[in-house]
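Peer 1: what's the 3D shape of this:
(4 chains)
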2 protein chains.
Amino acid sequence: MKSFIGTFVNKIDAKGRISVPAPFRAVLQAKNLSGVACYPALTGPCIEGCGLDRIEAMVETLPDQPIPGIDEDSIAHLIFASARDLPFDGGGRIVLPSEFIKKANLTGQGAFVGKGRTFQIWNPEALEQAQAEMFERAMAERQAMIAARKESG
Amino acid sequence: MKSFIGTFVNKIDAKGRISVPAPFRAVLQAKNLSGVACYPALTGPCIEGCGLDRIEAMVETLPDQPIPGIDEDSIAHLIFASARDLPFDGGGRIVLPSEFIKKANLTGQGAFVGKGRTFQIWNPEALEQAQAEMFERAMAERQAMIAARKESG
DNA sequence: TATCGTCCCATTGACGCCCATATATTCCCA
DNA sequence: TGGGAATATATGGGCGTCAATGGGACGATA
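Peer 2: Sure thing, here's the model as predicted:
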């Protein structure tokens, strides 16, 4: 199964349209999908994207209680509420709803970041910052691990 | 099977009419339904909505009379009692009965919230509050889970 | 006759769809 | 191997259609 790999920066025009990178479109079209399901990420200022099939699969996994109970509400329901099915136009673009543009601070450009089974859409500058921080943290953890190993062994 | 996803805020006019979002109508029309079954939610100040087929499926699974002592039965019969089949008008709107408007504190606007197999209709402000609380709770649970994993593994 | 509910029509504004252009990439042929 | 053509991609813009919404007419009922 093909995955979402790589980073691609595309423009966002006045109508809020942005081209989905061709490699990502190929992944979706391999599943006979003519659009992409998007929702605000819970963990950062970006938009998460995947095939609508993935969302439908989430629906399937939730208990189908005819009588709604109190435990019905979970992260999944938050995602259903905020997700949108965005169809491609003739040129392979999607239109980003204004909520998404606001959530991810998108201005002029959007960076598609492959995450394997999903991808994310970032403000390019914010992405760079976040990646730098992630790198710092990873290096710090690595140092800590090395130090701990020296002590114990 | 298509599901109800996304949130759409539409106006409620003086006659109590509100447009059902086109994506939701599409889900229902895929099942050859020309209306939507609604009933007050048990879990919050909102209206639950789904296809009439879902209500009928519920009916199939239940006895004619509530069985004393079984809460689910009486709850289900409560739902049947308060449920309404609301047909679309020519423009894809439904008329909200005054009980529903009262129950969900609807004033001027209604927010359709996709929940997968069903959807809900909320007062937009109340929805925002409820979702914020839900998010807090979900994040707290998530933190607890991460902490537990660290300890055990 | 007055009121309520349902149906139908009108408007407007957004969105989907189509076409056009530019750039990059691949492929073919000389 | 180099040039050129053909294709694919990214992007801009315009137009038609449909969705959302408002208002009025008709019929039923009390």
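
Peer 1: Three-state assignment for A:Lys31, please.
Peer 2: Counting by DSSP: H, G, I helix; E, B strand; the rest coil, the backbone at A:Lys31 sits in coil.

Peer 1: List the contacts of it.
Peer 2: A:51, A:53 (CB atoms under 8 Å, 6 or more residues apart in numbering or on different chains). No exception for glycine: its C-beta is placed from N, CA and C like everyone else's.

Peer 1: how close does it get to B:Arg84?
Peer 2: 38 Å (CB to CB, to the nearest Å).

Peer 1: what number of residues lie near the closest residue to A:Gly116 other than its chain neighbours?
Peer 2: Nearest non-adjacent residue to A:Gly116, counting by CB to CB, 6 or more residues apart in numbering or on different chains: A:Ser3, 4.8 Å away. For A:Ser3, the count of nearby residues is 13 (other CB atoms under 10 Å in any protein chain shown).

Peer 1: cool, and A:Phe135?
Peer 2: 10.

Peer 1: From A:Glu128, how far out is it?
Peer 2: 11 Å.

Peer 1: Over to A:Ala37?
Peer 2: From A:Ala37 to A:Glu128 the distance is 26 Å (CB to CB).

Peer 1: ok, those two, which is more surrounded?
Peer 2: A:Ala37 (24 against 12).

Peer 1: pretty sure that one contacts A:Met58?
Peer 2: No. A:Ala37 lies out of contact with A:Met58 (CB atoms under 8 Å); the separation is 9.9 Å.

Peer 1: Local confidence estimate at A:Ala57?
Peer 2: pLDDT for A:Ala57: 95.

Peer 1: Would you mind measuring from it to B:Arg54?
Peer 2: 20 Å.

Peer 1: In terms of packing, which of those two has more residues around it?
Peer 2: B:Arg54 (17 against 11).

Peer 1: Make sure the more buried one is indeed in a helix.
Peer 2: Yes. Counting by three-state DSSP, B:Arg54 is found in a helix.

Peer 1: So A:Arg25 is in contact with A:Phe88, correct?
Peer 2: Yes. In this structure A:Arg25 lies within contact range of A:Phe88 using CB under 8 Å: 7.0 Å.

Peer 1: Whatever residue of chain A ends up closest to chain B and DNA strand D: what is the separation?
Peer 2: In chain A, no residue comes nearer to chain B than A:Val59, which is 3.9 Å away by CB to the nearest CB. Distance, A:Val59 to DNA strand D, using CB to the nearest atom of the strand, to the nearest Å: 21 Å.

Peer 1: Could you do A:Glu133 as well?
Peer 2: Taking CB to the nearest atom of the strand, one finds A:Glu133 at 27 Å from DNA strand D.

Peer 1: Now do the SS call for that residue.
Peer 2: Assignment for A:Glu133 (three-state DSSP): helix.

Peer 1: Same question for A:Val59.
Peer 2: With three-state DSSP as the criterion, A:Val59 reads helix.

Peer 1: so how far is A:Lys103 from it?
Peer 2: A:Val59 is 23 Å from A:Lys103, by CB to CB.
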